[in-house]
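Asker: A structural model of the following input is requested.
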Amino acid sequence: MNRFIPILAFGLSVLLLAAASCVHQPPPVPADGNFPPDVANILVNKCAVSGCHNAASYQNADSLLMDSWDHLFNGGVTGSVVVPYSPTFSPLLYFVNTDSSLGTVATPTMPYSTPGRTLAPLTKAEYETLQAWIAEGAPDKNGNVAFASDPDTRQKIYLTQQGCDLMAVIDVQTNVVMRYIPIGVSVNIESPHCVRISSDGRYAYVSFLGGNYIQKIDTRTDNVVAEANVGSGSWNILYLAPADTALVTSDWLGEGYLAFINSSMQAQQPYLGGGGLFVYPHGITSNLTYDTLFVTAQYGNVIYRVAANGSFYRKLSLDGNPAVAASSTTGATPDPHDILMMPDYSRYFVTCDGTNEVRVLDAHTDSVLAHIPVGTYPQELALSKTMPYMFVTCQEDVSPVPGCHGSVYVINYNTYEVVKVIYGDFYQPHGITVDDRDGLVYIASTNANPNGPAPHHATACAGRPGWYTVYDLNTLQPHNTRRYEVTVMPYSAAVRFR
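Answerer: Below you'll find the predicted structure:
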């Protein structure tokens, strides 16, 4: 019997060795970090060093690991540090810059010196090397650009930057900003307001508070490819008709209009409005056949129910009082803001920032089905199709979290019950979108109040940076502890694919 024990032991050793050989080991980081040589000389030799951004120390250095090209694009605790093709909005450059004539300067200057170790700042030539590299897309040593693969299928979030005339594009896999798209036409800030994505994910559309155009972005290349001249106005909400057959936008003025844009990006005249027909029109939705539009009047108690061709028009009262649209808030009316139709077109939900409610209406009879109390100043709505959740950003809700302001209410849209009130790392949250495929919720904090949290760093356009946070759709808990800073006034969010 004993003679079999060595054989058994030998066989067991072979099995253990075989099992060990099957354990996945990450590939070793090459000495040059896969960076181009001139960039490696700076980032690997001066940044990814002991006590700073190397594998042993990075968790105490804003969780920013810079020992390789791949690791760099995971960002740090405040999100992206390098955004391909956008040196102006890549924070890495702010912290290695000591000359304000070259660009934005932030402190502390990197490389970071300590009492026991003095590290010289980058030279002008080194700074300009990094600047030029990022402008060219920040490629690796083989010419690959981060986030450029799978352009037809990459899951993304689009987030307007109302203070900078930019569209931030967020890569869902890493949650960091992967691109900034310059948008607008004028040299002046035109304030991109609302973003919507076509149902096939091919295009994003954006409106402007201070511009004359609606722009169309190809989501595969992240470039503006067309624009429709809708004329002077304050173009607020965009609504894509079912099957993307038309685009509607509201002119948020006391003498407001609805402008219609066809699939060729041509504005269709005449616009619907004039003669006091619409007073501060804002949110827009429609029925399935797109022959009837529902439009909120920002001030008062009115939902406009109107034919898309203008053949009929009716004011619906939200509170049982005579339907009156006002030119400013009175403090005593619902003041409907956003409106969202259910996927089966049976009901629609309306945020009422005058009464801090969400009201639910029957889409056929227009009767009010429910009043759901929510937090202070409810704004945007977002819907999940995999969970029965309606999300509501309450921009001015008082938060019990120190240094935070605002909340997100989660409502079961079948029972109208509040599932949870999320008080998270928010400051004046506004834009919100749901990625059902990956089970994530993206929440944008405008941080517009000058008394809000000081940002981690300044940005290249004037104003206070805001940020976005990511939540798990299933647990309604933070997906991670990161605060992903962007530029100024992140406002409206939409997901490409779901």
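
Asker: Please, where are all the helices along the protein?
Answerer: Ranges of helices in the chain, per DSSP state H, are 4-22, 37-42, 69-72, 91-95, 124-135.

Asker: Any idea which of those has the lowest pLDDT on average?
Answerer: Set side by side, the helices of the chain differ in mean pLDDT, and helix 4-22 is lowest with a mean of 38.

Asker: Hmm, Leu119 and Tyr112 touching each other?
Answerer: Yes - here Tyr112 lies in contact with Leu119, judged by CB atoms under 8 Å, at a distance of 6.7 Å. (Glycine included, C-beta is placed from N, CA and C.)

Asker: check contacts around the residue nearest the centre of the chain.
Answerer: Centroid-nearest residue in the chain: Leu159, 3.4 Å away (criterion: CA atoms, centre = their mean). Residues near Leu159 by CB atoms under 8 Å, 6 or more residues apart in numbering: 167-170, 195, 431, 442, 444, 468, 486, 490-493.

Asker: go with 7 Å
Answerer: Residues in contact with Leu159 (CB atoms under 7 Å, 6 or more residues apart in numbering) are 168, 170, 431, 444, 468, 486, 490, 493.

Asker: Next step: the residues you listed restricted to strands.
Answerer: With strands identified by DSSP state E, the entries of the contacts of Leu159 that belong to them are 168, 170, 431, 444, 468, 486, 490, 493.

Asker: For Glu357, which non-adjacent residue is closest in space?
Answerer: Counting by CB to CB, 6 or more residues apart in numbering, Glu357 lies nearest to His371, which is 5.3 Å off, once chain neighbours are set aside.

Asker: Kindly report the same for Asp366.
Answerer: If the residues on either side of it in the chain are set aside, Asp366 comes closest to Leu316, at 5.0 Å by CB to CB, 6+ apart.

Asker: how near is that neighbour to Tyr345?
Answerer: From Leu316 over to Tyr345 the distance is 16 Å, taken as CB to CB, to the nearest Å.

Asker: try Pro121
Answerer: Between Pro121 and Tyr345 the computed distance is 60 Å (CB to CB).

Asker: Could you do Phe73 as well?
Answerer: Applying CB to CB, the value for Phe73 to Tyr345 is 41 Å.

Asker: neighbour-wise, which of these two wins?
Answerer: Per other CB atoms under 10 Å, whichever of Phe73 and Tyr345 has more neighbours is Phe73, with 20 against 15.

Asker: Who are the contact partners of the more buried one?
Answerer: With contact set as CB under 7 Å, 6+ apart, Phe73 has these partners: 82, 146, 174.

Asker: Excluding covalently adjacent residues, which one is nearest to Ala297?
Answerer: Of all residues apart from its sequence neighbours, Ala325 sits closest to Ala297 (CB to CB, 6+ apart), at 3.7 Å.

Asker: Tell me the predicted confidence for the nearest residue to Ile372 once chain neighbours are set aside.
Answerer: Spatial nearest neighbour of Ile372, chain neighbours left out: Val358 (4.4 Å); criterion: CB to CB, 6+ apart. According to the per-residue confidence, Val358 scores 98 in pLDDT.

Asker: Show me the beta-bridge partners of Val358.
Answerer: Under DSSP bridges, the beta-bridge partners of Val358 are Thr351, Ile372.

Asker: Rounded mean pLDDT for stretch 138-156, please.
Answerer: Throughout stretch 138-156, pLDDT has a mean value of 97.

Asker: again, but for stretch 266-278
Answerer: Rounded to a whole number, the mean pLDDT of stretch 266-278 is 93.

Asker: Export only the CA atoms of that stretch, formatted as CSV.
Answerer: Taking Å, rounded to 0.1, in the frame of the first residue of the first chain, the C-alpha atoms of stretch 266-278 are listed here in CSV:
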residue,chain,number,x,y,z
GLN,A,266,-33.9,71.3,-41.6
ALA,A,267,-36.0,73.5,-39.4
GLN,A,268,-39.6,73.3,-40.5
GLN,A,269,-41.6,76.6,-40.8
PRO,A,270,-43.9,77.9,-39.5
TYR,A,271,-43.1,77.2,-35.9
LEU,A,272,-45.9,76.4,-33.5
GLY,A,273,-46.6,79.4,-31.2
GLY,A,274,-47.1,83.1,-31.1
GLY,A,275,-50.0,85.1,-30.0
GLY,A,276,-49.6,84.0,-26.4
LEU,A,277,-50.1,80.3,-27.3
PHE,A,278,-47.1,79.2,-25.2
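
Asker: Contacts for stretch 266-275 next, please.
Answerer: When contacts are defined by CB under 7 Å, 6+ apart, stretch 266-275 is touched by residues 228-230, 255-262, 306, 310.

Asker: Go again with 10 Å.
Answerer: By CB atoms under 10 Å, 6 or more residues apart in numbering, the residues outside stretch 266-275 that reach it are 212-214, 226, 228-231, 233, 246-251, 253, 255-262, 278-279, 281, 293, 295, 304, 306-310, 313.

Asker: Can you list the buried residues in it?
Answerer: Applying a neighbour-count criterion of 16 or more other CB atoms under 10 Å, one finds 267, 271-273 buried in stretch 266-275.

Asker: for stretch 130-139, same thing?
Answerer: Neighbour counts over stretch 130-139 (16+ other CB under 10 Å) mark 130-131, 133-134, 137-139 as buried.

Asker: count of neighbours near Thr160?
Answerer: Thr160 has 28 neighbours, counted by other CB under 10 Å.

Asker: Surely it is in contact with Tyr180?
Answerer: No - with contact defined as CB atoms under 10 Å, Thr160 does not count as touching Tyr180 (11.4 Å).

Asker: who's in contact with the residue nearest to Ile372?
Answerer: With the criterion set at CB under 10 Å, 6+ apart, Val358 makes contact with 338, 340, 349-352, 370-374, 378, 381, 390, 392, 394, 409, 411, 413, 416, 418.

Asker: one more time with 8 Å, if that's ok
Answerer: In this structure, Val358 makes contact with 349-352, 371-372, 374, 378, 381, 390, 392, 409, 411, judged by CB under 8 Å, 6+ apart.

Asker: which among these end up buried?
Answerer: With neighbours counted by 16+ other CB under 10 Å, these contain buried members at 349-352, 372, 374, 378, 381, 390, 392, 409, 411.

Asker: Return the member of the residues you listed nearest to Ser86.
Answerer: Each of those was checked against Ser86 using CB to CB; the closest is Leu381, at 30.6 Å.

Asker: Counting residues, which strand of the protein comes out longest?
Answerer: Counting residues, the longest strand found in the chain (DSSP E) is strand 267-278.

Asker: Direction included, what does that strand pair against?
Answerer: Strand 267-278 pairs in its sheet with strand 256-261 (antiparallel), by DSSP bridges.

Asker: Any chance you could list what contacts the partner strand?
Answerer: For strand 256-261, the external contacting residues (CB under 8 Å, 6+ apart) are 214, 228, 230-231, 233, 235, 246-251, 267-268, 271-274, 278-281, 284, 293, 295, 306, 308.
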